[in-house]
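Engineer: From the sequence below, what's the structure:
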Amino acid sequence: MPVVVVPIGFESGPRYQAGVQHHEVILPGGYAKLPPDVWKVWTVAFADLESAASLSLSLDRLIDAATKLGIPSASEHAKALIDDHLLTELDTDKPTEFLQGHRLFPLADGFGAIENERGIYQIAREGRVMIRANQPVYATWCIAAYHDSLWDAVVAYADEIGVAPDEVAVPVAQALPLIVANRCGFLQMS
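Structural biologist: Model prediction:
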């Protein structure tokens, strides 16, 4: 049962206040202002596509990667980001509570089904396929922005195809780290 770290929020880029740079991450009730080193730790959660795909980006692995990049106080920054709900842990085998508490906003283009590969769909950015997904993941990704939580989107899709929500929830949860790391969607708390 992999527990993985995923970033929360939508980055709006650098800002400057009195000549000092910070980054803003947009959240439902406003924004978080991240100093450069904290922002660098936050972005490490996006940078390791291999860990996202293999569901191996644990908090320890993120801290280790940030430390190897030379980011000072990486452990303290990561723990503060967890406390501030800008990083969160997702149990991909038991995702119901996580899905109930978060929303997904797609940031990419749906390229639809692959002609000769039944049940495989493509998610792309700028014309480049970033993710190949099964139908439950693709369908949930497509409708997620229209629901108050990811769980609501999962239930809506599961009802449509006549299966239990958990049959959709687990593959969706397992795909979320790669969706977010590829910037094909971002997560917010519901």
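Engineer: I'd like the distance between residue 74 and residue 45.
Structural biologist: According to CB to CB, to the nearest Å, residue 74 stands 12 Å off from residue 45. In this view, the C-beta of every residue, glycine as well, is placed from N, C-alpha and C.
Engineer: Check residue 57 too.
Structural biologist: Noted for residue 57: a distance of 7 Å to residue 45, by CB to CB.
Engineer: Spit out the residues that contact those two alike.
Structural biologist: Residues touching both residue 57 and residue 45 (CB atoms under 8 Å, 6 or more residues apart in numbering): 5-6.
Engineer: where along this structure do the helices fall?
Structural biologist: 36-47, 49-54, 59-68, 74-83, 96-101, 135-143, 150-161, 165-181 (DSSP state H).
Engineer: Save those helices as TSV, and put in distance to residue 5 and mean neighbour count too.
Structural biologist: What follows is the helices of the chain, written out as TSV (distance: least, CB to CB, whole Å; neighbours: other CB atoms under 10 Å):
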stretch	distance to residue 5	mean neighbour count
helix 36-47	6	21
helix 49-54	9	16
helix 59-68	5	17
helix 74-83	8	18
helix 96-101	12	17
helix 135-143	20	21
helix 150-161	17	19
helix 165-181	8	22
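Engineer: comparing these, which gets the lowest mean pLDDT score?
Structural biologist: The minimum mean pLDDT among the helices of the chain belongs to helix 49-54 (a mean of 90).
Engineer: For residue 20, see how far away residue 77 is.
Structural biologist: Going from residue 77 to residue 20 by CB to CB gives 17 Å.
Engineer: Over to residue 50?
Structural biologist: Residue 50 is 34 Å from residue 20, by CB to CB.
Engineer: likewise residue 137?
Structural biologist: In terms of CB to CB, residue 137 sits 41 Å off from residue 20.
Engineer: From residue 25, how far out is whatever residue is furthest in space from the centre of the chain?
Structural biologist: Going by CA atoms, centre = their mean, the residue of the chain most distant from its centre is residue 18, 32.2 Å out. For residue 18, the distance to residue 25 equals 20 Å [CB to CB].
Engineer: Ok, residue 82 next?
Structural biologist: Following CB to CB, the distance that separates residue 82 from residue 25 is 14 Å.
Engineer: what's the answer for residue 10, then?
Structural biologist: In terms of CB to CB, residue 10 sits 7 Å off from residue 25.
Engineer: Compare the two and say which one has the larger neighbour count.
Structural biologist: Taking other CB atoms under 10 Å, residue 10 and residue 25 do not tie; residue 25 has more neighbours (22 against 16).
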